[in-house]
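Novice: Sequence first, then the predicted structure:
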Amino acid sequence: MSRVPGYGVPAVPRELDNTHGAREAAYPATQLLSAPRPAQPASPRITSHMHRPNADPDNMTMADFLCDFCHAAWTEETPMVEGHQGTLICGGCLKVAYVELLIGMSGYQMTGETKCRLCLEERKTMSWQSPKDDAALACERCVRQACTALAQDETSGWTKPT
């Protein structure tokens, strides 16, 4: 059983529901999976390249996970940091982002219509824009946090640029 997003009620497909009306009596119609949901404002979806095309979801390997910014595969030599909803940034992109944003003090000025690929938030701050994918942006806050996390992982061998 899964949960209906926003309601916390177990979702059971009607064809598998053998309660013959007991479920409808137990839960108000607004909580049923088939009940119409309130209209949500449209928001642009962030597309992610986090998985290799044609990867077997039942048999994922390291090589099937890709950096959202340069599309490089995850390897033992390529450390990765995961953002929200499985987005990934590799150590190489993180170094470039850190140097451009925090050392060089340059970057892409985010507007209210753009979102950070890592935190999925709209920010009006400087961000790093991937040279391979113009839509892939990393906000300054996420770059700082990812750099700190990766530098603290002794097994990664990654260090912050100076």
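Specialist: Sure, I can see it.

Novice: Please make it C-alpha for all contacts and neighbour counts, starting now.
Specialist: Noted.

Novice: Where does pLDDT dip in the protein?
Specialist: The chain contains residues with pLDDT under 70 at 1-49.

Novice: show me where it has strands.
Specialist: 2-3, 10-11, 80-82, 88-90, 108-109, 126-129, 137-139 (DSSP state E).

Novice: helices or strands up against the fourth one?
Specialist: What it means is strand 88-90. With contacts taken as 3 or more C-alpha pairs under 8 Å, 6 or more residues apart in numbering; DSSP states H and E, strand 88-90 sits against strand 80-82.

Novice: which neighbours does the strand it packs on have in its sheet, and in what orientation?
Specialist: Strand 80-82 sits in its sheet next to strand 88-90 (antiparallel), going by DSSP bridges.

Novice: out of the strands of the chain, nearest to Leu102?
Specialist: strand 126-129 (9.8 Å; C-alpha to C-alpha).

Novice: Now do that closest one: which elements does it pack against?
Specialist: strand 108-109, strand 137-139, helix 140-152.

Novice: Partner strands of that strand, with direction?
Specialist: The pairing partners recorded for strand 126-129 under DSSP bridges are strand 108-109 (antiparallel), strand 137-139 (antiparallel).

Novice: Can you say which of the ones you listed is packed in most?
Specialist: Neighbour counts (mean count of other C-alpha atoms under 10 Å) averaged over each of the strands paired with strand 126-129 peak at strand 137-139, with a mean of 27.

Novice: ranges for the helices of this protein?
Specialist: Using DSSP state H, the helices assigned to the chain run over residues 22-26, 91-98, 140-152.

Novice: so what secondary structure elements neighbour the last one?
Specialist: Put plainly, it is helix 140-152. Counting contacts by 3+ C-alpha pairs under 8 Å, 6+ apart, helix 140-152 packs against strand 80-82, helix 91-98, strand 126-129.

Novice: and the residue lying closest to Pro79 once chain neighbours are set aside, how many neighbours does it have?
Specialist: Distances taken as C-alpha to C-alpha, 6 or more residues apart in numbering put Gly91 closest to Pro79, at 5.3 Å, once the chain neighbours are dropped. Gly91 sits with 25 neighbouring residues when counted by other C-alpha atoms under 10 Å.
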